[in-house]
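*Asks:* model the structure of this input:
(4 chains)
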2 protein chains.
Amino acid sequence: MSRPTVHDVARVANVSLSTVDRVLNGRDGVRQATQQRVRAAMKQLGYERDIMAANLSRKRVYRIHFAIPDGPNSFMRNLAAELDSHARLALRDRTEISVSLVPPFDGRALAADLRRAREQAVDGVVMVATESAEVRQAVSDLRGAGIQVVTLISDLSASARGHFVGIDNVSAGRTAAGLLGRFCQGRPGRIAIIAGSMLVRDHVERRLGFEQVMHAEFPDLQLLPPVEGGDEAARVDELLTNVLQDCRDIVGIYSLGGGNRGLRAALDRAKSSPRPLVVVHELTDQSRAALQDGVFDAVLQQDIHKEVASALIIMRNLIEAVPVDPRTGIIHTEIFLRDNLP
Amino acid sequence: MSRPTVHDVARVANVSLSTVDRVLNGRDGVRQATQQRVRAAMKQLGYERDIMAANLSRKRVYRIHFAIPDGPNSFMRNLAAELDSHARLALRDRTEISVSLVPPFDGRALAADLRRAREQAVDGVVMVATESAEVRQAVSDLRGAGIQVVTLISDLSASARGHFVGIDNVSAGRTAAGLLGRFCQGRPGRIAIIAGSMLVRDHVERRLGFEQVMHAEFPDLQLLPPVEGGDEAARVDELLTNVLQDCRDIVGIYSLGGGNRGLRAALDRAKSSPRPLVVVHELTDQSRAALQDGVFDAVLQQDIHKEVASALIIMRNLIEAVPVDPRTGIIHTEIFLRDNLP
DNA sequence: TCTTTCTTGATGTACGTTGGTCAAATCTGA
DNA sequence: TCAGATTTGACCAACGTACATCAAGAAAGA
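*Replies:* Okay, the predicted model is just below:
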């Protein structure tokens, strides 16, 4: 009653083991009619090749390359640490992980790294995408070379990437707006938006979702155009300080990127009253403390550990040509208030 | 450069393959001194047994049994459907899944099912736990027989279960309180709590977390004692209708179990004004519609798909005696507002 | 010292697949 | 119909491990 093997297929199709192997691995020298017969037998028996046995036999090792931004913020440092810890464990599953840190928001640098990965003939590439024509070209080249591509955290539009692993950023932006709007509770005023860069799709999408809900449901709140802080604390501090000086009626702030240490510094210096309501992304030591101190009101968070784990699972499935459950790539946005900090 | 094999261990330890095999699989007839030598060699080489090859050789199939409540609510029906879809895919990984539906909130029935699983000598049992002495005994017997146990969704206290997969229910309760409190925004009044049963730990914990935060942060809001609706719509409807008639100043409702169809029916009938703010658990067709219609204000949700997937991963690791990453079992509570419905 | 018991080694088969080689069978075209 | 090409079959070794058997060696007791 156990699963059928190539032997069973051979017997049913009335051919030799060699022939089944030829069909199974797409070698030539098999007549069409015979191929049909073998395939019919496989279907009839419900044969599925035993991937573990196959990999054992051909000594296969999955080589997966990660290209992630070398940001100075704690989020990207956590990501790198996460990959390190996975790299060791993955060896058990015949998976070899390489990581390269590329300059953030730099399409050219990312594309160059992707080319390098292609030359090394890895089996798959996981990347935190930056939008650029070069990157799209590089991804298309990778896929042309039969290399699987998965985008992580930030997606690529109109690309041929295999899958995306990360949160729904439009929805995250909508959530931020829903919370900020309700927390402001009819108090009119302006809302400041701080982004990292509009070159990364996750930030673009968060902004989109945020503005959708703000316009539709909270017309009393007026949105300022977003400022781009490059996910760096110093720059965020500087920019926000200017904004707070220019507009005295800011009731809410949505920071959809990194560098929140600078955000807090600017707020502490400004000492506005009543203090603006603040929603940010990524739970770090900084943002956790700010939440506890009542300086931030909500933190939206994505679980990097789960994202990396999902990316690896999806990569395996892609490489093994096993159908991928689309739900595997969906990581949920967690919402932290002061009350539910872990 | 590839990982060491038993052959390498044998060579380094200066023993035969057979001896390494004897040590590796705990067979007797090996002198202490020799065992030491072999183990030293394994450590020195960083040898790890190739589980896939080992399983191939011994034709191992993992048999995992799921014991889940046979509730009439959509949550438990979704869970059953989820298991069905996993059962098919799991065969690829040498995993055989069996499922039994047991009467909900019935420790005796659950314990009986666990005993049956033990007799069938499965490799692991995953269960949605009901608190009872019999269940704890049955779990302890399972583990005594070398059968791994994982609790899903609802945990067991003081038990010897291997791991728990599900959301942090105390935290979920705290989140509910944080949201409900802020949404009520200083408007004083009473809060009704509707549970399924206090025999399941998830409901107990949600209540606990909810009350913690309510007492500490929103003293204006007075909590009514929870009513138990057995996760059944009809009963919830009846109980809540009574509550709404008895107290006219209910400003908020927290439903921490199932049967929310009844909750909505009661609310629609009562037509209180201003309408109470409502936070419930589990996103279903019913609760989604209510959210969209503005009858519910927030829905807390756990991703059953991810929970089942995590339970299977943990089970594999437990059975293979591979260290389990505790983060695998942690499923995050999602929060849905009208704005971020998927 | 000899026998008995305990340890160890050598060897073979198996798991389901890959990837060869080589010869035999079958099909093709002239 | 026969040479030549194409298709198929039979066989083998390997991947890393499990498991069984048999014989040889070492240690213990008498």
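
*Asks:* drop to CA atoms for contacts and neighbour counts, all remaining ones
*Replies:* Fine.

*Asks:* ok, residue A:19 - contacts?
*Replies:* A:10, A:30 (C-alpha atoms under 8 Å, 6 or more residues apart in numbering or on different chains).

*Asks:* secondary structure element for it?
*Replies:* helix A:17-24 (DSSP states H and E).

*Asks:* residues near residue A:278, how many?
*Replies:* For residue A:278, the tally of surrounding residues (other C-alpha atoms under 10 Å in any protein chain shown) stands at 28.

*Asks:* element containing it, please.
*Replies:* Per DSSP H and E: residue A:278 is located in strand A:277-281.

*Asks:* which other helices and strands contact that strand?
*Replies:* Strand A:277-281 sits against helix A:169-184, strand A:250-255, strand A:298-301, with contacts defined as 3 or more C-alpha pairs under 8 Å, 6 or more residues apart in numbering or on different chains; DSSP states H and E.

*Asks:* would you list these in TSV and tack on distance to DNA strand C and mean neighbour count?
*Replies:* Converted to TSV, those look like this (distance: least, C-alpha to the nearest atom of the strand, whole Å; neighbours: other C-alpha atoms under 10 Å in any protein chain shown):
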stretch	distance to DNA strand C	mean neighbour count
helix A:169-184	40	24
strand A:250-255	50	24
strand A:298-301	42	22
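
*Asks:* residue B:244 is nearest to which of those?
*Replies:* Of all the helices and strands packed on strand A:277-281, helix A:169-184 sits nearest to residue B:244, with 25.7 Å by C-alpha to C-alpha.

*Asks:* which helices and strands sit right next to that closest one?
*Replies:* In terms of contacts (3+ C-alpha pairs under 8 Å, 6+ apart), helix A:169-184 is packed against helix A:201-217, strand A:250-255, strand A:277-281, strand A:298-301, helix B:169-184.

*Asks:* so residue A:95 versus residue A:86, what's the distance?
*Replies:* Remark: distance between residue A:95 and residue A:86 (C-alpha to C-alpha, to the nearest Å) = 10 Å.

*Asks:* over to residue A:305?
*Replies:* According to C-alpha to C-alpha, residue A:305 stands 9 Å off from residue A:86.

*Asks:* where exactly do the helices run in chain A?
*Replies:* A:6-13, A:17-24, A:32-45, A:51-57, A:74-90, A:107-119, A:133-144, A:169-184, A:201-217, A:233-246, A:260-270, A:285-292, A:304-319 (DSSP state H).

*Asks:* and the residue nearest to residue A:122 when sequence neighbours are not counted, how many neighbours?
*Replies:* Leaving aside its sequence neighbours, residue A:122 sits nearest to residue A:63 (C-alpha to C-alpha, 6 or more residues apart in numbering or on different chains; 5.1 Å). The number of residues packed near residue A:63 is 16, by other C-alpha under 10 Å.

*Asks:* of all the helices and strands packed on strand A:277-281, which one is nearest DNA strand D?
*Replies:* When those are compared by C-alpha to the nearest atom of the strand, strand A:298-301 sits nearest DNA strand D, at 39.9 Å.

*Asks:* domains of chain A?
*Replies:* A:6-49, A:62-166+A:304-329, A:169-301 (automatic domain parsing).

*Asks:* how about these in TSV, adding distance to residue B:209 and mean pLDDT?
*Replies:* Below are the domains of chain A laid out as TSV (distance: least, C-alpha to C-alpha, whole Å; pLDDT from 0 to 100):
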stretch	distance to residue B:209	mean pLDDT
domain A:6-49	48	93
domain A:62-166+A:304-329	25	93
domain A:169-301	17	93
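
*Asks:* Serialize those to TSV and add fields for distance to residue B:313.
*Replies:* Listed next are the domains of chain A as TSV, based on distance: least, C-alpha to C-alpha, whole Å:
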stretch	distance to residue B:313
domain A:6-49	21
domain A:62-166+A:304-329	11
domain A:169-301	24
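
*Asks:* nearest to residue B:221, of the ones you listed?
*Replies:* Among the domains of chain A, if distance is taken as C-alpha to C-alpha, the winner is domain A:169-301, at 17.8 Å.

*Asks:* regarding that closest one, how distant is the last residue from the first?
*Replies:* Terminal residues of domain A:169-301 are spaced 11 Å apart (C-alpha to C-alpha).

*Asks:* what does stretch A:184-193 give?
*Replies:* From its first residue to its last, stretch A:184-193 covers 15 Å (C-alpha to C-alpha).

*Asks:* go ahead and name everything in contact with it.
*Replies:* With contacts defined as C-alpha under 8 Å, 6+ apart, stretch A:184-193 is touched by A:220-227, A:243, A:249-256, A:277.

*Asks:* and stretch A:132-151, what's buried?
*Replies:* For stretch A:132-151, a neighbour-count test (16 or more other C-alpha atoms under 10 Å in any protein chain shown) marks A:132, A:134-143, A:147-151 as buried.

*Asks:* which residues of the stretch 51-200 of chain A lie near chain B?
*Replies:* A:52, A:53, A:56, A:92, A:171, A:172, A:174, A:175, A:178, A:182, A:183 (C-alpha under 8 Å from any C-alpha of the partner chain).

*Asks:* from these, pick out the ones that also neighbour DNA strand D.
*Replies:* The subset of these within reach of DNA strand D, by C-alpha under 7 Å from any atom of the strand, is A:53, A:56.

*Asks:* excluding its backbone neighbours, what's nearest residue A:222?
*Replies:* Closest to residue A:222 by C-alpha to C-alpha, 6+ apart is residue A:190, at 4.6 Å.

*Asks:* one more: residue A:281?
*Replies:* residue A:300 (4.6 Å).

*Asks:* likewise residue A:87?
*Replies:* Closest to residue A:87 by C-alpha to C-alpha, 6+ apart is residue A:97, at 5.4 Å.
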